[in-house]
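Engineer: structure, please.
(chains A and B)
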2 protein chains.
Amino acid sequence: MSLLVAKFGGASVGDIESIKNAASKVAQEVRRGNKVVVVVAASAGKTDKLIDYCKSVSPRPNPREYDSIISTGEQLSAGLVTLALEQRGLNARSWMGWQIPILTDSDYNKAHILDIKPEKLLSRVEEGEIAVVTGFQGIAKDGSITTLGRGGADTSAVALAAALKADRCDIYTNANGVYTANPTLVSKARRLKSISYEEMLEFASMGTKGIKPRSIEIALRYGMSLQLLSAFGNDVGSDMPGTLITDKDHTMENKPVKGLAYSRDITRITLFNVKDQPGIAAKIFNGLARASVNVGMIIQPASCSGKLTDITFTVSKDELARAIEIMEEEKDKIGFVSLQSDKNVAKVSLIGSGMRTRSGVAFTMFQALAEKDINIQVIETSEINITVLIAEEYLELALRILHTTFGLDQEEAG
Amino acid sequence: MSLLVAKFGGASVGDIESIKNAASKVAQEVRRGNKVVVVVAASAGKTDKLIDYCKSVSPRPNPREYDSIISTGEQLSAGLVTLALEQRGLNARSWMGWQIPILTDSDYNKAHILDIKPEKLLSRVEEGEIAVVTGFQGIAKDGSITTLGRGGADTSAVALAAALKADRCDIYTNANGVYTANPTLVSKARRLKSISYEEMLEFASMGTKGIKPRSIEIALRYGMSLQLLSAFGNDVGSDMPGTLITDKDHTMENKPVKGLAYSRDITRITLFNVKDQPGIAAKIFNGLARASVNVGMIIQPASCSGKLTDITFTVSKDELARAIEIMEEEKDKIGFVSLQSDKNVAKVSLIGSGMRTRSGVAFTMFQALAEKDINIQVIETSEINITVLIAEEYLELALRILHTTFGLDQEEAG
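Structural biologist: This next block holds a predicted model:
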C-alpha cells in the first residue's frame, strides 16, 4: 500500500465529464490498495474568468481581495471532485488550503509555502478517507487567503506530497508523459519511462508541458518521485503508465541524449559594430533588465579587429518590440551602428545527463545539422543541455535528424 | 456617528454595475460619518448555478461539500464589492464567515448561528476600515464551511448587527420598503415609514418581499432596528429613505390597519359530508403532515345535522395534486363523500397592531367586501391579522376597497 498524491490540472477538471473521469482515476488507485490525496486546480478558463471580474471592477485590484476571489475556482473543483468520488461510493472530503492549513507568506498572487501542517488531514486519510485539496492556495499568518501564482497547483501537490511523506506524486495532465521529442513533429518520438529531475527541469524550462520548473525543484529538494501521466488515457492500471521523474533513474540507458526540446517563441536581435570595450554588455543588458525584458541566449564573439564586434541575443516574441525600442533609445550610449532582428528563428536543445560523461555530443550535433546545410546562429551549452538557434523553417528537419542521429528512434526509448 | 450593517441581496450585487452601485450606497453612508459593515449575498442566479453543478455530479450531493461549493458565491461577491469600495478610494476588506468567525452548528444547508466573535472585525472597523462580510455562511466546530439556508444572508446581517451592537441594520433590496399594499395592484398604496416587528413578521409570512421572517425574529430578540430600502434608488441621503422596522414605532398612528397583504399561491380543498366525529380532523391532517404538505387555513363548521359536516382547508398551488392524492387514498378511512378543489382563490390579509385595541375591524372588512358581492370562503384571524379567502378574480377589487375603507389612501401613510 502506498500513499499517493494525485494532482489534476485545469483541463482534467474542466467540465463535469472530466471531473467524473478524474474521480475514476482516483478510484482505480484506491482499488489497487493505495491511499490517495487529490490536489485540484480550478477548471480550465475559470481563473481567467474570475480575473476578468476583478479587472472589470478595478484595473489594479487589491492583491488580497484578488486572491480571495480567484481561490474560489479551486474551491469549486475540490467540492465537485469530492462529490464525484462519493457518487462512486468512496469516502472523500474536500480541504481548502486554510483548512489543512497550508501556511504561506503574505506575498499575494505569488505566495510561497512556509509550512504545511498535515496531521489532521493525514489522520483522516489513514482512516481511509480520500482528501481532495484545493491546489494553488494557502493561508497567510493573518488568516487571509493567498495564491501561489500560475502553476501553483503543481507546487501545492509536490509540497503536500513532501509534507505527507507520500510515496509518489502523480501529475495528471492532458499530455501523458515526456517524449524524446514532440510527437507531432517527430513521428518516431517515444515516451520516456523515466527521467532525472535535472533533465526534467531542462525540458520544463524549454516549455515542455506537464509541470512547471518550480514544482520539480521542490520535488528534487525532497527526493519526491513525480509521475506525469494522462488524465484521459486508460493506462493507470499498467505498470508505469507515464513518465517517472526521479533520482532513482536506473534504466540501462547508454544514450547521452535523453530527448529533444525546442521553442518557436524566440526572436534574435543582432547589434552590429559595437565598440568592443569593457562594460559594453552590461550597458546593453541593464536597459533591458530595467524594462523587465528577459534575455535568453547571448553571444559576443571575440572581435578580430579588436575595436568593433557584433553582439547577438534572443528575447521572446512578445518582448521583441520593446527590446528594439530600448536599444534604439540607448543607441548612442551603447554605440552600435545598426540593429537587425529576426522573428523566423527557433531553438533546439539536446537534453541528457549522459552528456556530462560523453565527449563529442556537440560535435556530432553540429555535423548532423551541417550535413543538411542548417546554419547554427547561436550556441549555448550547459552540463546537460546543448541549445542551438537556427532558422525556423529548418526546425522539423533538425528535430528529425537529431532524433535519428542520437539513437532516439527506437521502439523502447528512455 | 453610527455603526451600521448594510446588507445587499442577490439582485443588488447581480452584475458589475450593481456592485459599483452598492459601493456608492456604502460610500454615501461613510460620507455621512458612519462606520459600515457590509453583508453580501451571492449574485442573483449564482447559487442556483452552483447547485446545478452539484446536482450534475451527484443527485443527492453530500451536504458538507454542497455548502463548501455554494459558499463560493458570496466569497466572489464580497471580494468584488471590496474592490469596488477600494476603487472609490475607501479602505475595505472582505471577511469570510470562517475568518470572523461566525460559528454555527453542523446542520449543513440550514445551519444555525451559535456565536459570532466580532472583536477582530470590530477593531478594524473602528480604525476606519469597511468590513465586507459574506452572508449566508459560517463555520462549524470542525472547521467545515456551513450555509444558513435560503434567505440566510439576511440572517447573517441581523445576527452580525446584534453581535456588533450596531445602531441599525439596513437591508438593501430591489424593493424600497414596505407598502400599505402592493403598488402594482393598488395605485393609492403608500410606503410605510415604520412598522413594528410583529407587523413585519405578518407581512413577511404572507410573502411580502424584502426580508425573511427568521431575520425579523432575530432583530426582535435583540431589539435591532432594521431598515428596508432600495439598492437602486437615490434616497439614501434623505432622512428616512425606506421602511424602518422597530419596536420604537412612535408614529402618531391612529389607524387600526397598517397595510394589506395577499397571496395567490393558495388553493382550496373542501371535503363534503365528512362524518362529524372526534378525531376526524386529526385523521385528515396527519396524512398530509406525513407527506410534508403544509396546510394553511382550516375551517370546520359545527354541523347542523350533528352527523355530517364539510371541512375546508388550503394548501399551496404546487402541493394541491399531492394533497388530493392523499385524500383520495384515505377516503374510506376519513369517510367523506366527495372532494372539491379550487385553484382560483386568493387570500387577503389586514395587518396592524392597532387591531388589538379596536373592535369592529373584522365587521368593517366583511361589510366592505359584502357591499361588492365578494364572497368570503374562509376566515382566519390572529391578534394583529384578519385573513379571508376569496375568489381570485375579486383580488384587486378587494384590495382597493379595503385600502380605502381602512383609510390607507393617503399622501402620508404609516
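Engineer: going by C-alpha atoms from here, please, whenever you check contacts or count neighbours.
Structural biologist: OK.
Engineer: in the stretch 101-250 of chain A, which residue sits nearest chain B?
Structural biologist: Distances between the stretch 101-250 of chain A and chain B by CA to the nearest CA are smallest at A:G143, namely 6.7 Å.
Engineer: can you tell me the SS state at that residue?
Structural biologist: Using DSSP: H, G, I helix; E, B strand; the rest coil, the structure places A:G143 in coil.
Engineer: equivalent analysis for the one 10 residues further on, please.
Structural biologist: Assigned state for A:A153: helix (three-state reduction, three-state DSSP).
Engineer: residues in contact with it?
Structural biologist: A:7, A:9, A:39-41, A:134-137 (CA atoms under 8 Å, 6 or more residues apart in numbering or on different chains).
Engineer: show me the shaky parts of chain A.
Structural biologist: A:234-240, A:248-254, A:301-306, A:410-414 (pLDDT under 70).
Engineer: show me where it has its helices.
Structural biologist: Assigned by DSSP state H, the helices in chain A fall at A:16-31, A:46-57, A:63-70, A:72-87, A:119-126, A:152-163, A:197-205, A:213-222, A:280-290, A:320-329, A:331-334, A:361-371, A:395-405.
Engineer: how many neighbouring residues does A:E129 have?
Structural biologist: By the criterion of other CA atoms under 10 Å in any protein chain shown, A:E129 has 18 neighbours.
Engineer: quick one on the thing from earlier: any chance of the contacts of A:A153 in CSV, plus neighbour count and distance to chain B?
Structural biologist: Below are these laid out as CSV (neighbours: other CA atoms under 10 Å in any protein chain shown; distance: CA to the nearest CA, whole Å):
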residue, neighbour count, distance to chain B
A:K7, 29, 19
A:G9, 25, 18
A:V39, 32, 16
A:V40, 32, 14
A:A41, 33, 14
A:T134, 31, 12
A:G135, 34, 15
A:F136, 29, 16
A:Q137, 36, 14
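Engineer: against A:K7, how distant is A:K35?
Structural biologist: Using CA to CA, to the nearest Å, A:K35 is found at 14 Å from A:K7.
Engineer: now A:I334
Structural biologist: Distance from A:I334 to A:K7, by CA to CA: 49 Å.
Engineer: then A:I401?
Structural biologist: Per CA to CA, A:I401 is found 36 Å from A:K7.
Engineer: what about the closest residue to the residue of the stretch 101-250 of chain A closest to chain B other than its chain neighbours, how many residues nearby?
Structural biologist: Once flanking residues are discounted, A:G143 sits nearest to B:Q99: 6.7 Å by CA to CA, 6 or more residues apart in numbering or on different chains. Neighbour count of B:Q99, defined by other CA under 10 Å: 19.
Engineer: could you do A:D247 as well?
Structural biologist: A:D247: 16 surrounding residues under other CA under 10 Å.
Engineer: also A:P63?
Structural biologist: A:P63 has 17 neighbouring residues, counting by other CA under 10 Å.
Engineer: please verify my assumption that it contacts A:Y108.
Structural biologist: Yes. Assessed by CA atoms under 8 Å, A:P63 is found in contact with A:Y108 at 5.6 Å.
Engineer: who's in contact with A:A362?
Structural biologist: Counting by CA under 8 Å, 6+ apart, A:A362 touches A:I386.
Engineer: how close does it get to chain B?
Structural biologist: 54 Å (CA to the nearest CA, to the nearest Å).
Engineer: thinking again about what came up before, how close does the residue nearest to A:G143 get to B:M224?
Structural biologist: 24 Å.
Engineer: how is chain A carved up into domains?
Structural biologist: Here the domain assignment for chain A is A:3-247, A:252-414, based on automatic domain parsing.
Engineer: pick the most buried one from those.
Structural biologist: Highest mean neighbour count of the domains of chain A: domain A:3-247, a mean of 21 (counted as mean count of other CA atoms under 10 Å in any protein chain shown).
Engineer: centre of the chain to that one, how far?
Structural biologist: Per CA atoms, centre = their mean, to the nearest Å, the displacement of domain A:3-247 from the mean C-alpha position of its chain is 13 Å.
Engineer: mind listing what the nearest residue in space to A:Y66 that is not next to it in sequence touches?
Structural biologist: Using CA to CA, 6+ apart and skipping the chain neighbours, the partner closest in space to A:Y66 is A:C54 (6.7 Å). Going by CA under 8 Å, 6+ apart, A:C54 touches A:61, A:66, A:69, B:80, B:83.
Engineer: and if we set it to 7 Å?
Structural biologist: A:61, A:66, B:80 (CA atoms under 7 Å, 6 or more residues apart in numbering or on different chains).
Engineer: out of the helices of chain A, nearest to B:I19?
Structural biologist: helix A:46-57 (8.3 Å; CA to CA).
Engineer: that closest one to helix A:63-70, inter-axis angle?
Structural biologist: Interaxial angle, helix A:46-57 versus helix A:63-70 (axes from the mean of the first three to the mean of the last three CA atoms, to 10 degrees): 130 degrees.
Engineer: can I get helix A:46-57 as PDB, trimmed to CA atoms?
Structural biologist: Extracted as PDB, the C-alpha positions of helix A:46-57 are listed here (Å, rounded to 0.1, in the frame of the first residue of the first chain):
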ATOM      1  CA  LYS A  46     -12.200  29.600 -14.600                       C
ATOM      2  CA  THR A  47      -9.300  31.600 -13.100                       C
ATOM      3  CA  ASP A  48      -9.200  33.800 -16.200                       C
ATOM      4  CA  LYS A  49     -12.900  34.500 -15.900                       C
ATOM      5  CA  LEU A  50     -12.500  35.400 -12.200                       C
ATOM      6  CA  ILE A  51      -9.600  37.700 -13.100                       C
ATOM      7  CA  ASP A  52     -11.800  39.400 -15.700                       C
ATOM      8  CA  TYR A  53     -14.400  40.100 -13.000                       C
ATOM      9  CA  CYS A  54     -11.700  41.600 -10.800                       C
ATOM     10  CA  LYS A  55     -10.400  43.800 -13.600                       C
ATOM     11  CA  SER A  56     -13.900  44.900 -14.600                       C
ATOM     12  CA  VAL A  57     -14.300  46.400 -11.100                       C
END
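Engineer: get me the contact residues on the stretch 1-150 of chain A for chain B.
Structural biologist: A:16, A:54, A:57-58, A:61-62, A:65, A:68-69, A:72, A:75-76, A:79-80, A:83-84, A:87, A:94, A:99, A:143 (CA under 7 Å from any CA of the partner chain).
Engineer: pretty sure A:T82 contacts A:R93?
Structural biologist: Yes. Counting by CA atoms under 7 Å, A:R93 is a contact partner of A:T82 at 5.9 Å.
Engineer: shared neighbours, these two?
Structural biologist: By CA under 7 Å, 6+ apart, the residues touching both A:T82 and A:R93 are A:V132.
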